[in-house]
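Visitor: Got a predicted structure plus its sequence, pasted below:
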Amino acid sequence: MYKLITAEEAAAMIRPHSRVAIGGFLAVGAPETIIDAIVACGTKDLHIIVIASDWEKRGIGKLVVNHQVKSAQVSHMGTNKEIQAQMNSGEMAIEIVPQGTLMERVRAFGAGLGGVLTPTGLGTVVADGKQLINVDGKDYILETAIPSDFAIIRAWKADKAGNLIYRKTARNSNPIMAMAGKTTIVEVDEIVEIGELDPEQIVTPGVFVNYILLSKEA
Amino acid sequence: MAMDKRAQIGARIAQELKDGDYVNLGIGLPTEAANHIPEGVHVIFQSENGMMGVGPSPEPGTEDKDMINAGGGFITALQGASFFDSATSFAIIRGGHLDVTVLGALQVDQEGNLANWMIPGKLIPGMGGAMDLVTGAKKVIVAMEHCDKNGNPKILKKCTLPLTAKGRVSLIITDMAVLELTPQGLVLQEVSEGYTVEDVIKATEAELIIPSHLR
(Lines give C-alpha, C1' and ligand atoms only; values in the text may rest on other atoms or scores of the structure.)
Protein backbone atom coordinates (compact mmCIF):
# COMPACT_ATOMS: atom_id res chain seq x y z
CA MET A 1 0.00 0.00 0.00
CA TYR A 2 1.32 3.41 -0.90
CA LYS A 3 2.27 6.16 1.49
CA LEU A 4 1.53 9.85 0.97
CA ILE A 5 4.70 11.95 1.10
CA THR A 6 5.99 15.40 0.10
CA ALA A 7 8.14 16.16 -2.90
CA GLU A 8 11.00 16.98 -0.53
CA GLU A 9 10.73 13.55 1.10
CA ALA A 10 10.69 11.96 -2.35
CA ALA A 11 13.81 13.86 -3.42
CA ALA A 12 15.63 12.89 -0.21
CA MET A 13 15.20 9.17 -1.02
CA ILE A 14 17.16 9.56 -4.24
CA ARG A 15 20.89 9.28 -3.54
CA PRO A 16 24.02 9.91 -5.59
CA HIS A 17 24.40 7.12 -8.21
CA SER A 18 20.72 6.17 -7.97
CA ARG A 19 19.27 4.82 -11.22
CA VAL A 20 16.08 6.77 -11.86
CA ALA A 21 13.49 6.04 -14.58
CA ILE A 22 11.51 9.22 -15.25
CA GLY A 23 8.18 9.44 -17.07
CA GLY A 24 7.20 11.99 -19.70
CA PHE A 25 7.64 12.81 -23.38
CA LEU A 26 9.10 16.22 -24.21
CA ALA A 27 8.13 17.14 -20.62
CA VAL A 28 4.43 16.39 -21.17
CA GLY A 29 3.51 14.03 -18.36
CA ALA A 30 6.80 14.70 -16.57
CA PRO A 31 6.77 14.71 -12.76
CA GLU A 32 7.81 18.37 -12.59
CA THR A 33 7.18 18.78 -8.85
CA ILE A 34 9.49 15.87 -7.98
CA ILE A 35 12.10 17.00 -10.52
CA ASP A 36 12.07 20.50 -8.99
CA ALA A 37 12.60 18.98 -5.53
CA ILE A 38 15.56 16.91 -6.80
CA VAL A 39 17.01 20.06 -8.36
CA ALA A 40 16.59 21.85 -4.98
CA CYS A 41 18.31 18.91 -3.22
CA GLY A 42 21.21 19.06 -5.67
CA THR A 43 21.85 15.29 -5.57
CA LYS A 44 24.58 14.53 -8.09
CA ASP A 45 25.84 11.62 -10.18
CA LEU A 46 22.37 10.37 -11.09
CA HIS A 47 21.76 7.83 -13.84
CA ILE A 48 18.51 8.60 -15.63
CA ILE A 49 16.38 6.54 -17.97
CA VAL A 50 14.08 8.73 -20.09
CA ILE A 51 12.52 8.82 -23.56
CA ALA A 52 13.78 12.29 -24.39
CA SER A 53 15.98 14.94 -22.84
CA ASP A 54 13.07 17.43 -22.78
CA TRP A 55 13.83 21.17 -22.67
CA GLU A 56 16.40 23.12 -20.68
CA LYS A 57 13.69 24.59 -18.43
CA ARG A 58 11.15 21.76 -18.46
CA GLY A 59 11.21 18.09 -17.51
CA ILE A 60 14.49 16.30 -16.96
CA GLY A 61 16.32 19.08 -18.80
CA LYS A 62 16.42 20.92 -15.46
CA LEU A 63 18.48 18.11 -13.88
CA VAL A 64 20.92 18.21 -16.78
CA VAL A 65 21.30 21.98 -16.70
CA ASN A 66 22.01 21.71 -12.94
CA HIS A 67 24.78 19.14 -13.66
CA GLN A 68 23.14 16.42 -11.57
CA VAL A 69 23.16 13.69 -14.22
CA LYS A 70 26.24 11.56 -14.77
CA SER A 71 24.80 9.14 -17.30
CA ALA A 72 21.63 8.48 -19.22
CA GLN A 73 19.82 6.00 -21.40
CA VAL A 74 17.69 8.07 -23.76
CA SER A 75 16.26 7.90 -27.28
CA HIS A 76 16.16 11.56 -28.33
CA MET A 77 18.14 14.67 -27.38
CA GLY A 78 17.32 17.02 -30.23
CA THR A 79 15.45 19.54 -28.06
CA ASN A 80 18.15 20.06 -25.45
CA LYS A 81 21.51 21.58 -26.43
CA GLU A 82 22.85 21.29 -22.88
CA ILE A 83 22.69 17.48 -22.81
CA GLN A 84 24.46 17.32 -26.18
CA ALA A 85 27.15 19.70 -24.89
CA GLN A 86 27.67 17.60 -21.74
CA MET A 87 27.86 14.45 -23.84
CA ASN A 88 30.40 16.00 -26.23
CA SER A 89 32.55 17.29 -23.34
CA GLY A 90 32.54 13.86 -21.68
CA GLU A 91 30.73 15.09 -18.56
CA MET A 92 27.80 12.77 -19.30
CA ALA A 93 27.95 9.19 -20.57
CA ILE A 94 25.00 8.53 -22.85
CA GLU A 95 23.59 5.38 -24.35
CA ILE A 96 21.25 6.25 -27.19
CA VAL A 97 18.51 3.62 -27.38
CA PRO A 98 15.74 3.35 -29.99
CA GLN A 99 12.54 4.47 -28.30
CA GLY A 100 10.60 1.23 -28.71
CA THR A 101 13.60 -0.77 -27.52
CA LEU A 102 14.03 1.52 -24.52
CA MET A 103 10.42 0.97 -23.50
CA GLU A 104 10.66 -2.80 -23.83
CA ARG A 105 13.94 -2.95 -21.89
CA VAL A 106 12.41 -0.92 -19.06
CA ARG A 107 9.20 -2.97 -19.18
CA ALA A 108 11.27 -6.19 -19.15
CA PHE A 109 12.91 -5.23 -15.86
CA GLY A 110 9.53 -4.43 -14.31
CA ALA A 111 8.08 -7.68 -15.64
CA GLY A 112 10.90 -9.87 -14.36
CA LEU A 113 12.39 -10.58 -17.79
CA GLY A 114 16.09 -10.60 -18.61
CA GLY A 115 15.57 -8.80 -21.88
CA VAL A 116 13.77 -8.83 -25.21
CA LEU A 117 14.49 -9.81 -28.81
CA THR A 118 13.91 -7.03 -31.34
CA PRO A 119 14.64 -6.51 -35.04
CA THR A 120 15.04 -2.77 -34.46
CA GLY A 121 18.67 -1.73 -35.02
CA LEU A 122 19.74 -4.73 -37.13
CA GLY A 123 22.45 -3.64 -39.56
CA THR A 124 23.10 -0.43 -37.60
CA VAL A 125 25.53 0.65 -34.86
CA VAL A 126 22.83 -0.20 -32.31
CA ALA A 127 23.56 -3.90 -32.92
CA ASP A 128 27.33 -3.48 -32.36
CA GLY A 129 28.63 -5.84 -29.68
CA LYS A 130 25.22 -7.37 -29.03
CA GLN A 131 24.20 -10.99 -29.38
CA LEU A 132 21.99 -11.86 -32.35
CA ILE A 133 19.47 -14.66 -31.90
CA ASN A 134 17.71 -16.36 -34.78
CA VAL A 135 14.10 -17.35 -34.22
CA ASP A 136 12.22 -19.15 -37.02
CA GLY A 137 14.68 -17.90 -39.63
CA LYS A 138 14.70 -14.24 -38.55
CA ASP A 139 17.50 -12.43 -36.74
CA TYR A 140 16.82 -10.40 -33.61
CA ILE A 141 19.05 -8.37 -31.29
CA LEU A 142 19.12 -9.46 -27.66
CA GLU A 143 18.43 -6.26 -25.72
CA THR A 144 18.83 -6.68 -21.98
CA ALA A 145 16.53 -5.35 -19.28
CA ILE A 146 17.30 -1.88 -17.90
CA PRO A 147 17.22 -1.88 -14.11
CA SER A 148 16.19 1.13 -12.07
CA ASP A 149 16.19 1.89 -8.35
CA PHE A 150 13.45 4.49 -8.59
CA ALA A 151 10.70 5.31 -11.02
CA ILE A 152 9.32 8.82 -10.72
CA ILE A 153 6.21 9.34 -12.76
CA ARG A 154 3.23 11.60 -13.31
CA ALA A 155 -0.40 10.47 -13.34
CA TRP A 156 -3.68 12.38 -13.50
CA LYS A 157 -5.62 10.74 -10.65
CA ALA A 158 -4.89 8.13 -8.02
CA ASP A 159 -7.48 6.51 -5.81
CA LYS A 160 -6.71 5.64 -2.21
CA ALA A 161 -5.69 2.12 -3.28
CA GLY A 162 -2.92 3.69 -5.42
CA ASN A 163 -4.58 2.82 -8.72
CA LEU A 164 -3.68 5.32 -11.43
CA ILE A 165 -5.22 6.86 -14.51
CA TYR A 166 -3.51 9.25 -16.90
CA ARG A 167 -4.61 12.17 -19.05
CA LYS A 168 -4.41 12.10 -22.89
CA THR A 169 -0.86 12.04 -24.31
CA ALA A 170 0.57 12.68 -20.83
CA ARG A 171 0.30 8.90 -20.35
CA ASN A 172 3.27 8.09 -22.67
CA SER A 173 6.09 6.31 -20.81
CA ASN A 174 4.60 6.74 -17.33
CA PRO A 175 2.82 3.35 -17.00
CA ILE A 176 5.97 1.58 -18.24
CA MET A 177 8.33 3.41 -15.90
CA ALA A 178 5.84 2.79 -13.05
CA MET A 179 6.32 -0.98 -13.38
CA ALA A 180 10.10 -0.77 -13.45
CA GLY A 181 11.04 1.09 -10.26
CA LYS A 182 12.14 -0.95 -7.26
CA THR A 183 10.55 2.08 -5.61
CA THR A 184 7.90 3.96 -7.60
CA ILE A 185 6.97 7.52 -6.66
CA VAL A 186 3.96 9.09 -8.34
CA GLU A 187 3.04 12.75 -8.70
CA VAL A 188 -0.71 13.18 -9.22
CA ASP A 189 -3.13 16.03 -9.78
CA GLU A 190 -5.75 14.52 -7.51
CA ILE A 191 -6.30 11.67 -5.04
CA VAL A 192 -9.88 10.38 -5.00
CA GLU A 193 -11.78 7.95 -2.78
CA ILE A 194 -11.77 4.23 -3.47
CA GLY A 195 -14.67 3.51 -5.80
CA GLU A 196 -14.43 6.78 -7.71
CA LEU A 197 -12.20 5.25 -10.41
CA ASP A 198 -13.79 2.48 -12.44
CA PRO A 199 -11.68 -0.70 -12.03
CA GLU A 200 -12.15 -1.34 -15.78
CA GLN A 201 -10.36 1.92 -16.55
CA ILE A 202 -7.35 1.63 -14.24
CA VAL A 203 -4.14 1.86 -16.30
CA THR A 204 -1.59 1.25 -13.55
CA PRO A 205 -2.74 -1.00 -10.70
CA GLY A 206 -1.79 0.29 -7.25
CA VAL A 207 0.46 -2.71 -6.61
CA PHE A 208 3.18 -0.91 -8.59
CA VAL A 209 2.95 2.28 -6.51
CA ASN A 210 4.98 2.91 -3.35
CA TYR A 211 4.60 6.65 -2.75
CA ILE A 212 2.26 9.37 -3.95
CA LEU A 213 2.49 13.14 -3.71
CA LEU A 214 0.31 15.95 -4.99
CA SER A 215 1.57 17.94 -7.95
CA LYS A 216 2.19 21.65 -7.44
CA GLU A 217 0.99 22.12 -11.02
CA ALA A 218 -2.50 20.81 -10.17
CA MET B 1 12.09 24.97 -48.52
CA ALA B 2 9.61 27.06 -50.45
CA MET B 3 5.98 26.55 -49.49
CA ASP B 4 4.98 25.43 -52.97
CA LYS B 5 7.66 22.71 -52.93
CA ARG B 6 6.49 21.52 -49.51
CA ALA B 7 2.89 21.46 -50.70
CA GLN B 8 3.89 19.58 -53.85
CA ILE B 9 5.72 16.87 -51.88
CA GLY B 10 2.90 16.73 -49.30
CA ALA B 11 0.31 16.26 -52.03
CA ARG B 12 2.36 13.50 -53.65
CA ILE B 13 2.77 11.65 -50.32
CA ALA B 14 -0.98 11.91 -49.78
CA GLN B 15 -1.59 10.02 -53.04
CA GLU B 16 0.15 7.01 -51.47
CA LEU B 17 -2.28 6.87 -48.54
CA LYS B 18 -5.34 4.69 -48.95
CA ASP B 19 -8.70 4.77 -47.26
CA GLY B 20 -8.42 3.06 -43.89
CA ASP B 21 -4.63 3.22 -43.65
CA TYR B 22 -2.96 3.65 -40.27
CA VAL B 23 -0.15 6.13 -40.84
CA ASN B 24 2.71 7.71 -38.91
CA LEU B 25 4.11 10.95 -40.33
CA GLY B 26 7.60 12.00 -39.22
CA ILE B 27 8.39 15.46 -37.90
CA GLY B 28 8.75 18.26 -40.46
CA LEU B 29 8.09 17.84 -44.16
CA PRO B 30 6.15 14.52 -43.91
CA THR B 31 3.44 16.17 -41.77
CA GLU B 32 2.59 18.31 -44.81
CA ALA B 33 0.82 15.23 -46.24
CA ALA B 34 -1.98 15.58 -43.68
CA ASN B 35 -3.09 18.78 -45.45
CA HIS B 36 -3.57 17.00 -48.78
CA ILE B 37 -5.63 13.89 -48.05
CA PRO B 38 -8.22 13.63 -50.84
CA GLU B 39 -11.88 13.98 -49.93
CA GLY B 40 -13.50 10.64 -49.19
CA VAL B 41 -10.22 9.07 -48.04
CA HIS B 42 -10.13 8.44 -44.31
CA VAL B 43 -6.62 7.94 -42.95
CA ILE B 44 -5.92 7.36 -39.24
CA PHE B 45 -2.79 9.11 -37.98
CA GLN B 46 -0.68 7.81 -35.12
CA SER B 47 1.60 9.86 -32.93
CA GLU B 48 4.26 7.65 -31.36
CA ASN B 49 4.04 9.34 -27.96
CA GLY B 50 0.82 7.39 -27.54
CA MET B 51 -2.18 8.28 -29.67
CA MET B 52 -4.14 7.03 -32.66
CA GLY B 53 -6.65 9.34 -34.36
CA VAL B 54 -4.66 12.58 -34.34
CA GLY B 55 -6.64 15.57 -35.59
CA PRO B 56 -5.58 19.00 -36.84
CA SER B 57 -3.82 21.66 -34.77
CA PRO B 58 -6.13 23.34 -32.24
CA GLU B 59 -7.46 26.86 -32.68
CA PRO B 60 -5.20 29.38 -30.89
CA GLY B 61 -6.29 29.64 -27.27
CA THR B 62 -7.78 26.13 -27.13
CA GLU B 63 -4.50 24.20 -26.74
CA ASP B 64 -4.43 21.42 -24.14
CA LYS B 65 -1.07 21.02 -22.35
CA ASP B 66 -1.51 17.24 -22.34
CA MET B 67 -2.16 16.98 -26.09
CA ILE B 68 1.02 17.00 -28.15
CA ASN B 69 2.40 15.09 -31.09
CA ALA B 70 5.85 13.52 -31.22
CA GLY B 71 7.33 16.82 -32.36
CA GLY B 72 5.94 18.67 -29.35
CA GLY B 73 3.26 20.52 -31.34
CA PHE B 74 -0.27 20.84 -29.97
CA ILE B 75 -2.85 18.54 -31.54
CA THR B 76 -6.51 17.60 -31.26
CA ALA B 77 -8.21 14.20 -31.11
CA LEU B 78 -10.70 13.08 -33.74
CA GLN B 79 -13.74 11.00 -32.86
CA GLY B 80 -12.62 7.41 -32.40
CA ALA B 81 -9.18 8.42 -31.12
CA SER B 82 -7.35 6.38 -28.51
CA PHE B 83 -4.54 7.03 -26.04
CA PHE B 84 -2.03 4.38 -24.99
CA ASP B 85 1.34 3.99 -23.33
CA SER B 86 4.67 4.12 -25.17
CA ALA B 87 5.23 0.34 -25.16
CA THR B 88 1.83 -0.21 -26.80
CA SER B 89 2.62 2.57 -29.25
CA PHE B 90 5.80 0.80 -30.30
CA ALA B 91 4.06 -2.57 -30.40
CA ILE B 92 1.87 -0.96 -33.07
CA ILE B 93 4.95 0.38 -34.85
CA ARG B 94 7.35 -2.54 -34.56
CA GLY B 95 4.73 -5.24 -34.78
CA GLY B 96 3.76 -4.44 -38.36
CA HIS B 97 0.40 -2.85 -37.56
CA LEU B 98 1.14 0.47 -39.29
CA ASP B 99 0.42 0.59 -43.02
CA VAL B 100 2.70 3.51 -43.84
CA THR B 101 5.39 5.61 -42.23
CA VAL B 102 6.81 8.71 -43.90
CA LEU B 103 10.16 10.08 -42.74
CA GLY B 104 12.77 12.62 -43.75
CA ALA B 105 16.34 11.57 -44.57
CA LEU B 106 19.89 12.81 -44.47
CA GLN B 107 20.81 10.09 -46.96
CA VAL B 108 19.07 7.20 -48.67
CA ASP B 109 20.67 4.72 -51.04
CA GLN B 110 19.86 2.40 -53.93
CA GLU B 111 19.66 -0.60 -51.58
CA GLY B 112 16.85 1.00 -49.59
CA ASN B 113 19.10 1.93 -46.67
CA LEU B 114 18.20 5.06 -44.73
CA ALA B 115 20.36 7.39 -42.61
CA ASN B 116 18.51 10.08 -40.69
CA TRP B 117 19.56 10.13 -37.04
CA MET B 118 23.12 11.36 -36.66
CA ILE B 119 26.13 13.06 -38.23
CA PRO B 120 29.18 11.81 -36.30
CA GLY B 121 31.03 14.64 -34.56
CA LYS B 122 28.39 17.20 -35.48
CA LEU B 123 24.82 16.36 -34.72
CA ILE B 124 23.63 13.56 -32.46
CA PRO B 125 19.97 14.15 -31.71
CA GLY B 126 19.28 10.41 -31.36
CA MET B 127 16.95 8.23 -33.38
CA GLY B 128 13.90 8.61 -31.15
CA GLY B 129 11.29 6.35 -32.71
CA ALA B 130 12.74 6.35 -36.24
CA MET B 131 14.54 2.99 -36.11
CA ASP B 132 11.43 1.22 -34.86
CA LEU B 133 9.23 2.98 -37.44
CA VAL B 134 11.47 2.08 -40.36
CA THR B 135 11.90 -1.49 -39.11
CA GLY B 136 8.24 -2.19 -38.46
CA ALA B 137 5.96 -0.24 -40.80
CA LYS B 138 4.58 -2.16 -43.78
CA LYS B 139 5.59 0.62 -46.18
CA VAL B 140 8.41 3.11 -45.61
CA ILE B 141 8.31 6.32 -47.64
CA VAL B 142 11.15 8.83 -47.54
CA ALA B 143 10.11 12.42 -48.24
CA MET B 144 12.82 15.04 -48.63
CA GLU B 145 14.47 17.62 -50.83
CA HIS B 146 16.34 15.86 -53.61
CA CYS B 147 19.70 17.48 -52.74
CA ASP B 148 21.17 18.93 -49.54
CA LYS B 149 21.60 22.66 -48.84
CA ASN B 150 24.82 22.72 -50.84
CA GLY B 151 23.27 21.00 -53.84
CA ASN B 152 24.93 17.63 -53.16
CA PRO B 153 23.00 14.43 -53.87
CA LYS B 154 21.26 12.75 -50.92
CA ILE B 155 20.25 9.70 -52.95
CA LEU B 156 23.47 7.70 -53.03
CA LYS B 157 24.96 4.40 -54.16
CA LYS B 158 25.69 3.68 -50.51
CA CYS B 159 24.89 5.70 -47.39
CA THR B 160 27.99 7.03 -45.62
CA LEU B 161 26.26 8.14 -42.41
CA PRO B 162 25.22 5.69 -39.65
CA LEU B 163 22.11 3.83 -40.78
CA THR B 164 18.65 4.03 -39.28
CA ALA B 165 17.67 0.72 -40.87
CA LYS B 166 18.88 -1.53 -43.62
CA GLY B 167 16.96 -2.14 -46.84
CA ARG B 168 13.58 -0.97 -45.61
CA VAL B 169 12.79 2.06 -47.83
CA SER B 170 10.27 1.37 -50.60
CA LEU B 171 9.55 4.82 -52.07
CA ILE B 172 11.38 8.17 -52.23
CA ILE B 173 9.40 11.35 -52.88
CA THR B 174 11.35 14.56 -53.53
CA ASP B 175 10.77 17.96 -55.08
CA MET B 176 12.29 16.62 -58.33
CA ALA B 177 11.09 13.05 -58.62
CA VAL B 178 9.47 9.90 -57.30
CA LEU B 179 11.74 6.85 -57.09
CA GLU B 180 10.80 3.29 -56.24
CA LEU B 181 13.00 0.61 -54.71
CA THR B 182 12.55 -2.65 -56.62
CA PRO B 183 14.41 -5.98 -56.56
CA GLN B 184 16.09 -4.83 -59.81
CA GLY B 185 17.25 -1.51 -58.32
CA LEU B 186 16.12 2.07 -57.92
CA VAL B 187 13.56 2.98 -60.57
CA LEU B 188 12.78 6.57 -61.54
CA GLN B 189 8.99 6.54 -61.70
CA GLU B 190 8.04 10.22 -62.03
CA VAL B 191 9.79 13.48 -62.83
CA SER B 192 8.27 16.67 -61.41
CA GLU B 193 7.11 19.48 -63.66
CA GLY B 194 9.97 21.79 -64.55
CA TYR B 195 12.62 19.05 -64.50
CA THR B 196 13.91 16.57 -67.06
CA VAL B 197 15.11 12.99 -66.61
CA GLU B 198 18.65 14.34 -67.17
CA ASP B 199 18.20 16.85 -64.30
CA VAL B 200 17.25 14.04 -61.95
CA ILE B 201 20.16 11.82 -63.05
CA LYS B 202 22.59 14.73 -62.47
CA ALA B 203 21.19 15.38 -58.99
CA THR B 204 21.34 11.69 -58.00
CA GLU B 205 24.46 9.66 -57.19
CA ALA B 206 22.63 6.34 -57.15
CA GLU B 207 22.29 4.32 -60.32
CA LEU B 208 18.81 4.84 -61.71
CA ILE B 209 16.72 2.54 -63.83
CA ILE B 210 14.82 4.66 -66.35
CA PRO B 211 11.61 2.91 -67.40
CA SER B 212 10.33 3.11 -70.97
CA HIS B 213 7.56 5.60 -70.13
CA LEU B 214 10.20 8.22 -69.25
CA ARG B 215 12.62 7.56 -72.10
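Guide: Sure thing, it's come through. Numbering: from 1, shown residues only, chains lettered A, B, ... in the order given.
Visitor: for the one helix or strand residue B:180 maps to, the distance to its chain's centre please.
Guide: Assessed by DSSP states H and E, residue B:180 sits inside strand B:177-182. From the chain centre to the centre of strand B:177-182 is a distance of 13 Å (C-alpha atoms, centre = their mean, to the nearest Å).
Visitor: Quick one: residues in contact with that strand.
Guide: Applying C-beta atoms under 8 Å, 6 or more residues apart in numbering or on different chains, the contact partners of strand B:177-182 are B:12, B:110-112, B:146, B:155, B:169-172, B:186-192, B:195, B:200, B:204, B:208-209. Every C-beta, even on glycine, is put in place using the N, C-alpha and C of the backbone.
Visitor: Find the nearest non-adjacent residue to residue 49, please.
Guide: Reading this off chain A. Excluding the flanking residues, the one nearest residue A:49 by C-beta to C-beta, 6 or more residues apart in numbering or on different chains is residue A:21, at 4.3 Å.
Visitor: wrong chain, I was asking about chain B
Guide: Nearest to residue B:49 is residue A:25, by C-beta to C-beta, 6+ apart, at 4.3 Å.
Visitor: ok, how many other residues are close to that neighbour?
Guide: 30 (other C-beta atoms under 10 Å in any protein chain shown).
Visitor: do residue A:138 as well
Guide: 10.
Visitor: Can you check the pLDDT for it?
Guide: You'll see residue A:138 listed with a pLDDT of 98.
Visitor: I'd guessed residue A:19 sits against residue A:47; true?
Guide: Yes: counting by C-beta atoms under 8 Å, residue A:47 is a contact partner of residue A:19 at 4.6 Å.
Visitor: Sticking with residue A:86, tell me its helix or strand.
Guide: Taking DSSP H and E as the criterion, residue A:86 maps to helix A:81-89.
Visitor: where do the helices sit along the chain?
Guide: Unless you meant another one, I'm taking chain A. A:7-13, A:32-41, A:61-65, A:81-89, A:99-110, A:174-180 (DSSP state H).
Visitor: Chain B, not that one
Guide: All helices of chain B, identified by DSSP H, fall at B:3-15, B:86-94, B:130-136, B:197-202.
Visitor: Let me know which of those helices is the nearest to residue A:165.
Guide: helix B:86-94 (15.3 Å; C-beta to C-beta).
Visitor: about what we covered before: contacting residues for the residue nearest to residue A:49?
Guide: Residue A:21 touches A:48-50, A:106, A:146, A:148, A:150-152, A:177, A:180-181, counting by C-beta under 8 Å, 6+ apart.
Visitor: do residue A:30 as well
Guide: By C-beta under 8 Å, 6+ apart, the neighbours of residue A:30 are A:22-24, A:54, A:58-60, A:154.
Visitor: Please name whichever of those scores lowest on pLDDT.
Guide: For the contacts of residue A:30, the pLDDT minimum is residue A:54, 93.
Visitor: Confirm for me that that one is in contact with residue A:76.
Guide: No: the pair residue A:54 / residue A:76 is not scored as a contact, 9.7 Å apart, by C-beta under 8 Å.
Visitor: Okay, angle between the lowest-mean-pLDDT helix or strand in chain B and strand B:177-182 too, please.
Guide: Least confident helix or strand of chain B, by mean pLDDT, DSSP states H and E, is helix B:3-15 with a mean of 94. Helix B:3-15 and strand B:177-182 are oriented at 30 degrees to each other (axes from the mean of the first three to the mean of the last three C-alpha atoms, to 10 degrees).
Visitor: hang on, the earlier thing: from what I can see the residue nearest to residue B:49 touches residue B:51, true?
Guide: No: when contacts are counted by C-beta under 8 Å, residue A:25 is not listed as touching residue B:51 (10.7 Å).
Visitor: which neighbours do those two share?
Guide: By C-beta under 8 Å, 6+ apart, residue A:25 and residue B:51 have these common neighbours: residue A:169.
Visitor: So the residue of chain B most remote from its centre versus residue A:134, what's the distance?
Guide: Ranked by distance from the centre of chain B (C-alpha atoms, centre = their mean), the top residue is residue B:61, with 30.0 Å. Separation of residue B:61 from residue A:134 (C-beta to C-beta, to the nearest Å): 55 Å.
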